[in-house]
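Student: make a model of this:
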Amino acid sequence: MFKNILLTMLTGFFLFSSVSFAKDVDLKPIEKLESNAKQVKPLIQRVLKKNTSDLDEMLKKQTIRVLVVKSKAFYDVQKGRGHGLYHDAIVSLEKQINKNYPNKNKHIRTKLITVPVSRDALIPALNAGYGDLALADNTITKRRKRQIQFTTPFASGIKEILVTNKSLGNIKAYEDLSGKKIYVKASGSHMDSLINVNETLVLKGYEPMFIEAIPEELESEDILELVDSGLIEMTIMDDYKAKLWSSVYKNLQLHTDITFREDSQLAIMLRKDNPLLLKELNIFVEKHKYDTSFGRSMVKKYYSTTRYLKEIKTGISKKKFVKLQNTFSKYAKRYKLDPLMLMAQAYQESKFIQNSKSHVGAKGVMQLMPATAREMNVGSINNLDSNIHAGVKYHKLLKDRYFNDSKIDNVNRALFIFAGYNAGPNKINRLRKIAKEKGLNPNEWFGNVEIIAAEKIGRETVQYIENIYNYYVAYTLINIEEEAKLRAKIAMFYDNENKDDSKLSKREKKIRKELAYLTSNRKKS
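Tutor: Here you go, the predicted model:
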């Protein structure tokens, strides 16, 4: 009894004197986006309405929200497209749900919308009703099971191993870690594992490790990059992630013989009171887990070579993408539109390829017809700048001339503009009239005019809007998370954000430049 009390006192002293444990997670950024404030983007607002219903109600709304964590290797939106293993899994889950629960109208489908958040916000956001399930390589732990429920595991046999910078001296056993500083996130399973090892060290008469909390905004690849650069000496990492990134970060030392947890399992998280969704997700996991043909194909697609990860790290074509962002921001500001929304549409139109030309003669990044371009009168659409200018100006024209009815809210106005751009504004307004005649709401796209569009003109416009909508929501939220991540890096390793530029290190200048760019784009939008 005395031994247990002493152990608790010792581990408590060393742990709590060296780590800030996770506080109540701040959901204010999400709550603000849910609000009716004038500055809140309407399409984001629609996704983040609180809802804790089960699958049957989700199907009625034709929307299932998937909470994800931005990760360069597992889920990201870059240069206008989603990629990563979890992105592909979400696409496959959407196909399964629409196959198992088809709409009476074959052109109307249930949409899976990704909602990127920080990792520590996954469970609070899930239980608060800002998402319906969470897919983000979360380990099944007793602590998490008290808060949410897990599906059957989609991966198992995972080890948590020690990762250090190669410059660190030899570490052969847990005892060599005594008194050393190790960095992990307070909200993760790695923290639980460290506490267990510290208890063992104290029982053996050793000083425990000093645990430092990494900012929650940083993901696995960010932490490993910090170890690689020498800014921190060591961390704990799931073995598959450590092996993955060691092909890119060459200063990492993987200690596969020093494990903190054996045979970890990963699973999808959902609320405890959603039995229908749990049943559907378990069916999905059984056919798509890592040891299935789907799982093996995903590993081969993304991780069988290092080229994919190196492209992510070096940002191939990033210069071109930044140029596009600047051009869209310039004209979006002129016409008081959202640059991210315009970029989402442009990617859907042309994949950002300026020399693309459709079979009907539409040209450039914005896929404008020559007649429309002449009406915009901003120069030749063969020129990238003029092409984007004409497309943005046409977007503004659609808003003012065709979809300015006060009965249309901001969410649906944006959706009708997308539809009008794709199928023609007069055609969309005719479809709105038909919707009204059939007892549907002519001022709402999803579940109303969408149905008529699918019946009269087919799947193309419906799919067009779905794709733009999903990308726009994901990219907007990712930008918010990226800004928080950069601020966290500055707060962790550097003095303050207003430091004299002449005193900044090369690394710090790079981080601050990225932060300034993100902040600038957010203000413009």
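Student: now the closest residue to residue 250 other than its chain neighbours: how far from residue 70?
Tutor: Of all residues not flanking residue 250 in the chain, residue 228 sits nearest, at 7.4 Å (C-beta to C-beta, 6 or more residues apart in numbering). For the C-beta atoms, the positions are set from N, CA and C on the backbone; glycine is no exception. When distance is defined by C-beta to C-beta, to the nearest Å, residue 228 is 20 Å away from residue 70.
Student: neighbour-wise, which of these two wins?
Tutor: The residue with more neighbours, out of residue 228 and residue 70 and counting by other C-beta atoms under 10 Å, is residue 70; that gives 25 against 20.
Student: that one and residue 104, how far apart?
Tutor: From residue 70 to residue 104 the distance is 36 Å (C-beta to C-beta).
Student: okay, the residue nearest the centre of the chain: pLDDT?
Tutor: Against the mean C-alpha coordinate of the chain, by C-alpha atoms, centre = their mean, the closest residue is residue 116 at 3.4 Å. pLDDT, residue 116: 86.
Student: coming back round to it: what about the residue nearest to residue 250, which SS state?
Tutor: Applying DSSP: H, G, I helix; E, B strand; the rest coil to residue 228 yields a three-state assignment of helix.
Student: cool, and the one 4 residues further on?
Tutor: For residue 232, the secondary-structure state derived from three-state DSSP is coil.
Student: is it true that it touches residue 183?
Tutor: Yes - with contact defined as C-beta atoms under 8 Å, residue 232 counts as touching residue 183 (4.8 Å).
Student: need the overlap of contacts for those two.
Tutor: The contact sets of residue 232 and residue 183 overlap at 212, 223, 226 (C-beta atoms under 8 Å, 6 or more residues apart in numbering).
Student: in what helix or strand does the second one lie?
Tutor: The reference is to residue 223. Using DSSP states H and E, residue 223 falls within helix 220-229.
Student: residues in contact with that helix?
Tutor: Contacts of helix 220-229 (C-beta under 8 Å, 6+ apart): 71-73, 163-165, 183, 185, 214, 218, 232-235, 237-238, 241-242, 245, 249-252, 485, 489, 507.
Student: which of those residues are buried?
Tutor: Burial by neighbour count, 16 or more other C-beta atoms under 10 Å: within the contacts of helix 220-229 this picks out 71-73, 163-165, 183, 185, 214, 218, 232-235, 237-238, 241-242, 245, 249, 252, 485, 489.
Student: now, which of those residues lie within strands?
Tutor: If you go by DSSP state E, these have 163-165, 183, 234-235, 237-238, 252 in strands.
Student: pick the one among these closest to residue 148.
Tutor: residue 238 (19.7 Å; C-beta to C-beta).
Student: now stretch 55-73: buried residues?
Tutor: Across stretch 55-73, burial judged by 16+ other C-beta under 10 Å covers 55, 58-59, 62-73.
Student: give me the distance from that stretch to the chain's centre.
Tutor: 12 Å (C-alpha atoms, centre = their mean, to the nearest Å).
Student: what sits up against whichever helix or strand residue 89 is part of?
Tutor: Residue 89 is part of helix 85-100 when elements are defined by DSSP H and E. With C-beta under 8 Å, 6+ apart as the test, helix 85-100 has contacts from 59, 64, 66, 68, 71, 73-76, 109-112, 114, 135-137, 280-281, 283-284, 287-288, 294, 298-299, 301-303.
Student: redo that, cut-off 6 Å
Tutor: 66, 74-75, 109-110, 112, 135, 284, 298, 302 (C-beta atoms under 6 Å, 6 or more residues apart in numbering).
Student: which one of those residues sits in the busiest neighbourhood?
Tutor: In the contacts of helix 85-100, the most neighbours by other C-beta under 10 Å go to residue 135, 29 neighbours.
Student: isn't that residue right up against residue 268?
Tutor: Yes - between residue 135 and residue 268 a contact is recorded at 5.4 Å, counting by C-beta atoms under 6 Å.
Student: quick check: buried residues in stretch 345-358?
Tutor: 345-350, 352, 354.
Student: stretch 198-207 too?
Tutor: Result for stretch 198-207 [16+ other C-beta under 10 Å]: buried residues 198-199, 201-202, 206.
Student: ok but residue 263 is inside a strand, no?
Tutor: Yes - with three-state DSSP as the criterion, residue 263 is part of a strand.
Student: ranges for the strands of the stretch 51-200 of the chain?
Tutor: Assigned by DSSP state E, counting those that start in this stretch, the stretch 51-200 of the chain shows strands spanning 63-68, 76-78, 81-83, 111-116, 133-139, 149-150, 155-165, 181-184.
Student: quick one: closest of those strands to residue 399.
Tutor: Comparing these under C-beta to C-beta, the one sitting nearest is strand 111-116, at 23.5 Å.
Student: who does that closest one touch, helix- and strand-wise?
Tutor: Packing partners of strand 111-116 (3 or more C-beta pairs under 6 Å, 6 or more residues apart in numbering; DSSP states H and E): strand 63-68, helix 459-493.
Student: so where's the stretch 201-350 of the chain uncertain?
Tutor: 303-319 (pLDDT under 70).
Student: 50 instead?
Tutor: 311-317 (pLDDT under 50).
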